[in-house]
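1. any chance you can model this:
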Amino acid sequence: MTGTVVEPAVTRYDPSRPPLAKRIAAGLTTPGGIVWVLLVALLVAVVVYNPQLAAPDQFLRLIARMAPVAIVAVGQYFVLVSGEFDLSMGAVIGVQVVLAGTLIGDDPSRILPVVLLMFAVAIVVGLVNGLVTTLLRVPGFITTLGTMLILSGLTFYATGGSAGQNPAEEFRVLGRSGLELPVLGYLPWAIVVLVAVVAVAAWLVRRPFGRLLLLSGDNPRVAHLAGSPVWWLQTRAYLLSALAATVAAILLVGYAGVHPSVGSGYEFTAITACVIGGVVLGGGRGWLLSAVAGALVLESLFTLLNFVGVAATWRPTVQGAIILVAMAVTVLRTIRRRRPPAAEVPPRSEPGAGEGAPAPTTAPQQPRGT
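-> Numbers count the residues shown, from 1 in each chain. Below is the predicted model of the structure:
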């Protein structure tokens, strides 16, 4: 009797899998992919209206001006995918800017202690937002709204609403200067900081923390059953949001100076940027890089509108319209996803048919999915 030799299964190329070009084309049709096409189109339009930006150094300076918004969008991304909002980011920026200008002054030796203090303040704000939202079960919208009002009130009380002294030039170097490179000619430090922040955030997203955070935003009960403390996941999201706002504040001090209104509106700008990038309001879905691209799209759009001659006062209107459209799309998708399938109606007998009449013959139905 001869035995049957069983060969191990070998993974082979599946010819039914679409080629790379089709997969890329399909990805570009998603909300997270369309934003990249829109970004390229807007940047081309900006360069057409202002040909001076075609020079590499000038173009990089333009991107550097957008870096703080992109960094704030990274922080807001973590909170949004967890199913909450952070409305305190702009107030955190204002507090950090005033702290830097007030405490550093002209003394470069104070830079390190003050920077550590700024990050400590960010950690406290993040913990308060996270713990009040998760443990006390206060909606994040209300919690961060209260934090925003408290921080804004303290900032304007301390400064009287007027501009303060700019800190030492050594502190402002990240927002004002850059590196001299052979090919590019000039690389702003703000772009280096943005790349570093995005790299760390992308690493976190691919870690178990990021995957469980997305799961908690989509279905908190499933995340809890998976053994993950949802309250700690969302609290860490608020921590990352406050830290991102602090990094953006350090860059803004470089070219925006010290004023309590420097960070005004950044929280809504970050939410709008994430929405443009395809992040679903309500949590559970969204790409980090597309959120960053959404921030660049938003800033490119406002730059283009400025070149065209549209008044800057239209900016809040544009942001509000984008958020309303995104909310409408999200609600429609949720309703469509929750709509039950149409029930199959049994065939009705012919009128006048007797009780023993045979049932009408119907063709056998194929099982679904075959």
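2. work out for me the element the residue nearest the centre of the chain sits within.
-> The C-alpha lying nearest the average C-alpha coordinate of the chain belongs to residue 77 (C-alpha atoms, centre = their mean; 3.1 Å). Following DSSP states H and E, one finds residue 77 within helix 56-81.
3. how about the helices in this protein?
-> 20-28, 31-49, 56-81, 89-104, 111-134, 140-159, 173-176, 189-206, 208-218, 220-225, 230-256, 266-276, 288-308, 315-338 (DSSP state H).
4. what's the closest of the ones you listed to residue 165?
-> Closest to residue 165 of the helices of the chain, according to C-beta to C-beta: helix 89-104, at 5.5 Å. Just so you know, the C-beta spots here come from the backbone N, C-alpha and C atoms, and that holds for glycine as well.
5. counting by contacts, list what that closest one packs against.
-> Helix 89-104 is packed against helix 56-81, helix 111-134, helix 140-159, helix 230-256, helix 266-276, with contacts defined by 3 or more C-beta pairs under 8 Å, 6 or more residues apart in numbering; DSSP states H and E.
6. buried residues, the third one. List them.
-> Applying a neighbour-count criterion of 16 or more other C-beta atoms under 10 Å, the buried positions in helix 140-159 are 140, 143, 144, 145, 146, 147, 148, 151, 152, 155, 159.
7. so the first one sits right up against residue 80, yeah?
-> No - taking contact to mean C-beta atoms under 8 Å, the distance of 9.9 Å between residue 140 and residue 80 leaves them out of contact.
8. so, low pLDDT: which residues of the stretch 201-350 of the chain?
-> Scanning the stretch 201-350 of the chain with the threshold set as pLDDT under 70 gives 330, 333-334, 337-350.
9. please redo it, this time with the cut-off set to 50
-> Applying pLDDT under 50 to the stretch 201-350 of the chain picks out residues 344-345.
10. burial count for residue 33?
-> Using other C-beta atoms under 10 Å, residue 33 has 18 other residues around it.
11. I meant to write residue 178 there.
-> By the criterion of other C-beta under 10 Å, residue 178 has 21 neighbours.
12. may I have the residues that are in contact with residue 215?
-> By C-beta atoms under 8 Å, 6 or more residues apart in numbering, the contact list for residue 215 reads 222, 223, 226, 228, 284.
13. between the residues you listed, which is closest to residue 41?
-> For the contacts of residue 215, the nearest to residue 41 is residue 284 (28.9 Å; C-beta to C-beta).
14. wait, the closest one sits on residue 213?
-> No - if you go by C-beta under 8 Å, residue 284 and residue 213 don't touch, sitting 9.4 Å apart.
15. next, show the common contact partners of those two.
-> In contact with both residue 284 and residue 213: residue 81, using C-beta under 8 Å, 6+ apart.
16. who has more neighbours, these two?
-> Applying other C-beta under 10 Å to residue 284 and residue 213 shows that residue 213 carries more neighbours, namely 28 against 18.
17. of all the helices and strands packed on helix 89-104, which one is nearest residue 39?
-> Using C-beta to C-beta, the nearest of the helices and strands packed on helix 89-104 to residue 39 is helix 266-276, at 9.4 Å.
18. tell me the pLDDT of residue 370.
-> Residue 370 carries a pLDDT score of 38 in this model.
19. what does residue 8 give?
-> Taking residue 8 on its own, its pLDDT is 50.
20. how close does the closest residue to residue 58 other than its chain neighbours get to residue 101?
-> In this structure, residue 58 finds its nearest non-sequential neighbour in residue 52, 5.6 Å apart by C-beta to C-beta, 6 or more residues apart in numbering. As judged by C-beta to C-beta, to the nearest Å, residue 52 and residue 101 stand 32 Å apart.
21. between those two, who's got more neighbours?
-> Set side by side, residue 52 and residue 101 show more neighbours around residue 101, with 23 against 9, by other C-beta under 10 Å.
22. and stretch 160-173, C-alpha only, in CSV?
-> Coordinates of the C-alpha atoms in stretch 160-173 are reproduced here as CSV (Å, rounded to 0.1, in the frame of the first residue of the first chain):
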residue,chain,number,x,y,z
GLY,A,160,-4.9,92.4,28.7
GLY,A,161,-5.5,91.3,25.1
SER,A,162,-2.3,93.0,23.9
ALA,A,163,0.8,91.7,22.2
GLY,A,164,3.7,90.7,24.4
GLN,A,165,7.5,90.7,24.0
ASN,A,166,9.0,88.2,21.5
PRO,A,167,11.2,85.6,23.1
ALA,A,168,14.9,85.2,22.4
GLU,A,169,15.9,84.7,18.8
GLU,A,170,17.3,81.3,19.6
PHE,A,171,13.8,80.1,20.5
ARG,A,172,12.3,81.5,17.3
VAL,A,173,14.7,79.8,15.1
